[in-house]
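K.L.:
Let me see the structure of the following:
(2 chains)
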Amino acid sequence: MITRSLTDDKSIKTDEPKIAKEIIHEMDKTPTLYSYAAAEKGKVKVKIKLSDDKIEKIKEICAAFNNDAGELINVLHQTQHTFGYLPAEVQEVIAHFLNVSTAHVYGVVTFYSYFTMIPKGRFPISICTGTACYVRGAEKVLDEFKKQLGISVGQTTEDGKFSLSCLRCVGACGLAPVILVGEKVYGRVAPDGVKAILDAYKDK
Amino acid sequence: MQTVKLTIDNKTVEVEKGTTILKAARKIGIDIPTLCHFEMCDMNIENKPGGCRICVVEVAGRKNLAPACATEAQDGMVINSHNIRVLNARRTVLKLLISDHPFDCLVCSKSGNCELQSLATKFGIREIPYQGEKSTYRKDTSPSIIRDVDKCIMCRRCEMMCNEVQTVGALSAVNRGFKSVVAPAFEMDLEKSPCTYCGQCVSVCPTGALTEVDHSNDILRALSDRTKTVIVQTAPAVRAALGEEFGLEPGTSVTGKMVAALRRLGFKFVFDTDFAADLTIMEEGTELLDRLGRYLKGEEDVKLPMLTSCCPGWVNFFEHNFPDLLDIPSTAKSPQQMFGAIAKTYFADKIGVDRKNLVVVSIMPCLAKKYECQRDEFKVNGNPDVDFSISTRELAAFIKQANIDFMDLPDEEFDNPLGESTGAGVIFGNTGGVIEAACRTAYELHTGKTLEKVEFNALRGMEGIRSATIDFDGLPLNIGIAHGLANARKLLNEVRAGRSKYHAIEIMACPGGCIGGGGQPYHFGNSEILLKRAASLYNEDDCKTIRKSHENPHIMRLYDEFLGKPLSHKSHELLHTTYFDKSDEVAINHD
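P.N.:
Predicted structure coming up:
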């Protein structure tokens, strides 16, 4: 969970302090020959096309974690919480502000199943595959959802309406098998009841 | 120093506290096998994720086996490194690794140099009892490097090289469990990633997961085409390492035999990249003096420090990471490309061959050179100045295939005019060598005096970042040297922040310089080998009668007959280049 508040304004400047920190040795007192810093002041370069306010938002999140590379997972949590998912462009901006490689960020995003690069549907469907639900036929229910929606777990329908995911136990084992659509809980779901559930969202 | 005493295989050893069991064992001649672990002592490079579990040993009183590479030696430990429990564990680990590995050793380019293969041989693995699904992944071929992740054992040495030693950040472990692979961000092709093709990942990969693109067949085809005149150039670092492929002691210089072998392979002219290195010094050294002179006159827009530009991995690195500093590297092309440009104009004219029928091959210690010679700016109407670049390893294989008894070859001399070189050209293969060569020439050109002692010992060594102030007869010239791209990044960040005190900086992408290049015979982490190769080049320089680039008679003739003088219009046209912003970035304002 994210414990630190985004309002802890530590407004870390991005490029300059990092560079200064990295200088490991000092030569004699010869004056600097030529300064390139001026040209770059106030500018950071990132690889992508993302709107300015989104970049600003990511910058805020990274700054709230001191632009600390060790806080990457927390930054990703907070960013996914804000945007709903972690598309490539967002990962590139995070990599930039935390001063790590994009490959590293992508490595972490793909390691944890919680992080997703695909936006969730407007009505995210979660199937409980915890022990109780599983033994009472959750897998068949899941198969029926996959069939009806034409997507597999982790995907979103083309119209962006539904997405499918699995979770373990929502604490309603008495109602097994249980599924959630958004925040709404459906209990004792049988494969032949799946169509009716989906139909209820037809016009929404 | 606090020490601990322990017993390994009934031998007692005392080591500094904090030493791993692996190192303690090596100290008393017990060679515990490793696979993911990788270390280059003198370079401060170590990879010990403790992932493969090949190095497990039994520690008395401990329930499970301990990975020797990642377990600290404790006082009073009693260790057994090869009892039946340990051996069975090692065999099981190997069988599991091999169960998810293609059984294609016969056609694998790493066969014979594969650490997984040699461990399987060592431990007598005869069958794989574990059958089941194998993880598969697409093959990714870039201009220099081939990724065949099916052969990856997730040792993550490449990741360590790419991220820590080079700070390139092209590779990372992605996905999880059975599906995990080492890949660039978003699993894009290496060619689209920030990869610099330095090839250090290839040089540490224990299996055939990362290998070089092989051009030997293209060369064979050219050699058997009667309409083509095929000539070859050999980089300085190749002669110091090629012998290793034929069982010679590392550091044995095989210049003469190499020339003889190339002639027997059918190359019409055997030339030396060292000649082009001398040419590079003429151009680069003059450029440095020109910039310095203008700076001393008080011109404000002069760019200093000047960075060397011989190393294509380094050029790729700054094009990707420092697009705002593209105007500070020397505009001089690398020796490989200078050679190509001169060969396909001056030399082609001399022998009356059209450039289309002249095939220039280069033997390089480097994988980035393969990419470099394919760059569009080094082509004339689609015809590249250098047609093919092959590595030291590829050349060795080529010589063996041609039934040449390398050891029995006589020492032969390079052809002229592009084969004559000075000691300054030879040391280009070592970190610090380019700037030392430049100093020899720049000093004499600047001061008009003769340099009494040509060795600049202050510029030599293996520390990652070195600096020295050279007295140019009253003008103190601050020189910086970095090898390994992480070190280069530090110096470049200083420059970007306007804090650099240097007038000139030499950078080589690979640890140790070209002698440790990604195309050299595998060193398996033995940094001693690199030191010996470096010594071999310095020794060859010592033995040369001419040791300053500007005294090379063929270089003088080239300027007389063809180029005019350094930085002339013709030189600019043929020997200088421009750099491109490869960062693919857009600037965003952040106030």
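K.L.:
from here on, contacts and neighbour counts on C-alpha atoms
P.N.:
OK.
K.L.:
All the helices of the stretch 151-300 of chain B, residue numbers only.
P.N.:
B:157-160, B:200-204, B:216-223, B:236-239, B:255-265, B:273-296 (DSSP state H, counting those that start in this stretch).
K.L.:
so for the last one, what's the average pLDDT?
P.N.:
To tie it back to what came earlier, the one meant is helix B:273-296. Helix B:273-296 comes out with an average pLDDT of 95.
K.L.:
For it, list the C-alpha coordinates in CSV.
P.N.:
Taking C-alpha atoms only, helix B:273-296 is exported to CSV below (Å, rounded to 0.1, in the frame of the first residue of the first chain):
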residue,chain,number,x,y,z
THR,B,273,44.3,-0.7,-39.2
ASP,B,274,47.3,0.6,-37.2
PHE,B,275,48.2,2.6,-40.3
ALA,B,276,44.7,4.2,-40.1
ALA,B,277,45.3,4.7,-36.4
ASP,B,278,48.3,6.8,-37.3
LEU,B,279,46.1,8.7,-39.7
THR,B,280,43.5,9.2,-37.0
ILE,B,281,46.2,10.7,-34.8
MET,B,282,47.1,13.1,-37.5
GLU,B,283,43.6,14.3,-37.9
GLU,B,284,42.4,14.1,-34.3
GLY,B,285,45.7,15.4,-32.9
THR,B,286,45.5,18.4,-35.3
GLU,B,287,41.9,19.0,-34.4
LEU,B,288,42.8,19.0,-30.7
LEU,B,289,45.6,21.6,-31.3
ASP,B,290,43.2,23.6,-33.5
ARG,B,291,40.6,23.7,-30.8
LEU,B,292,43.1,24.4,-28.1
GLY,B,293,44.7,27.2,-30.1
ARG,B,294,41.4,28.9,-30.7
TYR,B,295,40.5,28.5,-27.0
LEU,B,296,43.8,30.1,-25.9
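K.L.:
Out of the helices of the stretch 151-300 of chain B, the one nearest residue B:2 is which?
P.N.:
Distances from residue B:2 to each of those were compared by CA to CA, and the smallest falls on helix B:157-160, at 29.9 Å.
K.L.:
what residue is smack in the middle of chain A?
P.N.:
For chain A, the residue lying nearest the average C-alpha position, counting by CA atoms, centre = their mean, turns out to be residue A:80 (3.0 Å).
K.L.:
That one: which element?
P.N.:
Remark: residue A:80 resides in helix A:72-83, with elements defined by DSSP states H and E.
K.L.:
Okay, buried residues for that helix please.
P.N.:
By neighbour count, with 16 or more other CA atoms under 10 Å in any protein chain shown as the criterion, the buried positions of helix A:72-83 are A:72, A:73, A:74, A:75, A:76, A:77, A:78, A:79, A:80.
K.L.:
One more: stretch A:132-148?
P.N.:
Using 16+ other CA under 10 Å as the burial criterion, the residues of stretch A:132-148 that qualify are A:132, A:133, A:134, A:136, A:137, A:138, A:139, A:141, A:142, A:144, A:145, A:146.
K.L.:
again with stretch A:170-189
P.N.:
Across stretch A:170-189, burial judged by 16+ other CA under 10 Å covers A:170, A:172-173, A:175-181, A:186, A:188-189.
K.L.:
got any ranges where chain A has weak pLDDT?
P.N.:
Residues of chain A meeting the criterion pLDDT under 70: A:1-49.
K.L.:
And the strands in it, which stretches?
P.N.:
With DSSP state E as the definition, chain A shows strands at residue ranges A:43-46, A:123-128, A:162-167, A:179-181, A:184-186.
K.L.:
Chain B: which of these is closest?
P.N.:
strand A:43-46 (4.5 Å; CA to the nearest CA).
K.L.:
Find the nearest non-adjacent residue to residue 189, please.
P.N.:
Using chain A. Distance criterion CA to CA, 6 or more residues apart in numbering or on different chains; nearest residue to residue A:189, sequence neighbours excluded, is residue A:177 at 5.7 Å.
K.L.:
meant chain B, my bad for not saying
P.N.:
Using CA to CA, 6+ apart and skipping the chain neighbours, the partner closest in space to residue B:189 is residue B:140 (6.2 Å).
K.L.:
Which pLDDT does the model give residue B:76?
P.N.:
Per-residue confidence for residue B:76 comes out at a pLDDT of 96.
K.L.:
Surely it and residue B:5 touch.
P.N.:
Yes - Residue B:76 lies in contact with residue B:5 (CA atoms under 8 Å); the separation is 5.9 Å.
K.L.:
Which other helices and strands does the one helix or strand residue B:558 maps to contact?
P.N.:
Counting by DSSP H and E, the element that carries residue B:558 is helix B:553-558. Helices and strands touching helix B:553-558, by 3 or more CA pairs under 8 Å, 6 or more residues apart in numbering or on different chains; DSSP states H and E, are helix B:273-296.
K.L.:
Could you check how far the helix or strand just after the helix it packs on is from the centre of its chain?
P.N.:
Using DSSP H and E, the helix or strand that follows helix B:273-296 towards the C-terminus is strand B:306-307. Its chain's C-alpha centre and that of strand B:306-307 lie 20 Å apart, by CA atoms, centre = their mean, to the nearest Å.
K.L.:
For the helix or strand just after strand B:306-307, list the C-alpha coordinates in CSV.
P.N.:
Sequence-wise, the next helix or strand beyond strand B:306-307 is helix B:312-321, with elements assigned using DSSP H and E. This file holds the C-alpha atoms of helix B:312-321, laid out as CSV (Å, rounded to 0.1, in the frame of the first residue of the first chain):
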residue,chain,number,x,y,z
PRO,B,312,31.9,2.9,-32.2
GLY,B,313,30.3,1.5,-29.0
TRP,B,314,31.1,4.8,-27.4
VAL,B,315,29.8,6.8,-30.4
ASN,B,316,26.5,4.9,-30.2
PHE,B,317,26.4,5.6,-26.5
PHE,B,318,26.8,9.3,-26.7
GLU,B,319,24.4,9.5,-29.7
HIS,B,320,21.7,7.8,-27.5
ASN,B,321,22.5,9.4,-24.1
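K.L.:
thinking again about what came up before, then the helix holding residue A:80 to CSV, C-alphas only?
P.N.:
Only the C-alpha atoms of helix A:72-83 are listed here, as CSV (Å, rounded to 0.1, in the frame of the first residue of the first chain):
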residue,chain,number,x,y,z
LEU,A,72,10.1,2.1,-8.0
ILE,A,73,7.4,-0.4,-6.9
ASN,A,74,5.6,2.3,-4.8
VAL,A,75,5.8,4.7,-7.7
LEU,A,76,4.3,2.1,-10.0
HIS,A,77,1.5,1.4,-7.5
GLN,A,78,0.7,5.1,-7.2
THR,A,79,0.9,5.7,-11.0
GLN,A,80,-1.3,2.7,-11.8
HIS,A,81,-3.8,4.0,-9.2
THR,A,82,-3.8,7.3,-10.9
PHE,A,83,-4.0,6.2,-14.6
